[in-house]
Every structure is written in structure tokens, then in C-alpha cells.
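Participant: From the sequence below, what's the structure:
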Amino acid sequence: LWTEYPASAHNPRISAAAMAEGKHYPVMNGKRVFKHAVTKMPAVIMEGMITNNLKLADIDMVIPHQANLRINQMVAQMIGLPPEKMHNNIQKYGNTTAATIPMCMFEAIELGKIKSGDLVCLVAFGAGLTWGSAFLRY
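Facilitator: This next block holds a predicted model:
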């Protein structure tokens, strides 16, 4: 996901002509993003588990970035995670960008899916083809 304008490579940063051409709207190659996400998200979860000496059974809940339900379902399948251990709410709110993980985690807590002492894995991918995970004890 990227935009051509506004950008520091251009002077002026943006022009009426660039806006008229729609160059300030985000552009995305959906197939490439999907492939990247379903490759990197499982890998970064596994890397975090190895780094923290964890097994999949130790994880009580995975809260993924809510960009695409199919991506999240594929990630769960690829690591062998039971569907009930991954909370998704994209069907309800859509992709709320940077707010997806906090909103999804809050909802999982409210629904009783995350309880005190649970081990939670947060995992995301995003703009610039970045990705990462974090493990926390709630």
C-alpha cells in the first residue's frame, strides 16, 4: 500500500495536476500483499515462539491485524492454530488500520476470550511490507 504523492522526491510535494490524476490515492497490489502476509505472519509468530521458548499450545489467543479475514484464517491454518484461538472482528468493523489490534484485543477481553494470565500473541503486517509480532502476558 503506497501513494505516489505527496512525496519528498517531488517538488512541489503535490500539485493540482497530480491530484487531478489521482496520484494522492493509495495503490495496492492485493495478490502481492496476500502472499507476503501469509508468508511473513506465520514466520514471525514462529520466530517469536522460538525466541521465547514457547510452544503453540502455550498461546491462549492470537490477535492479528484485521486487514483481511482470509489472510488471518490462512495464517491460523499454516501454524496449526485452532480457529477459536484467533480473534477476528474485521467482519464487524472492517480494516481500521493502526487501530485493528487494540480494538480486536479489547473486544476479545470484553467477550472473555482473553483472561488475566493468558499469553497473547499480537501479529501484524502493514504498509511498506513490514511485519512483526509481540507476546504478552495479560
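
Participant: Near the nearest residue to residue 15 once chain neighbours are set aside, how many residues? Count them for me, please.
Facilitator: Once flanking residues are discounted, residue 15 sits nearest to residue 5: 7.9 Å by Cβ to Cβ, 6 or more residues apart in numbering. Backbone N, C-alpha and C define where each C-beta goes, glycine included. Residues lying near residue 5 (other Cβ atoms under 10 Å) number 18.

Participant: On the three-state scheme, residue 5 is what?
Facilitator: coil (DSSP: H, G, I helix; E, B strand; the rest coil).

Participant: any idea which element residue 128 lies in?
Facilitator: Assessed by DSSP states H and E, residue 128 sits outside every helix and strand.

Participant: quick one, what contacts the nearest residue to residue 70 once chain neighbours are set aside?
Facilitator: Ranked by Cβ to Cβ, 6+ apart and with sequence neighbours excluded, the top spatial neighbour of residue 70 is residue 34, at 7.5 Å. The neighbourhood of residue 34, defined by Cβ atoms under 8 Å, 6 or more residues apart in numbering, consists of 68, 70, 71.

Participant: at 10 Å instead, please
Facilitator: Contact analysis of residue 34 by Cβ atoms under 10 Å, 6 or more residues apart in numbering lists 67, 68, 70, 71, 74.
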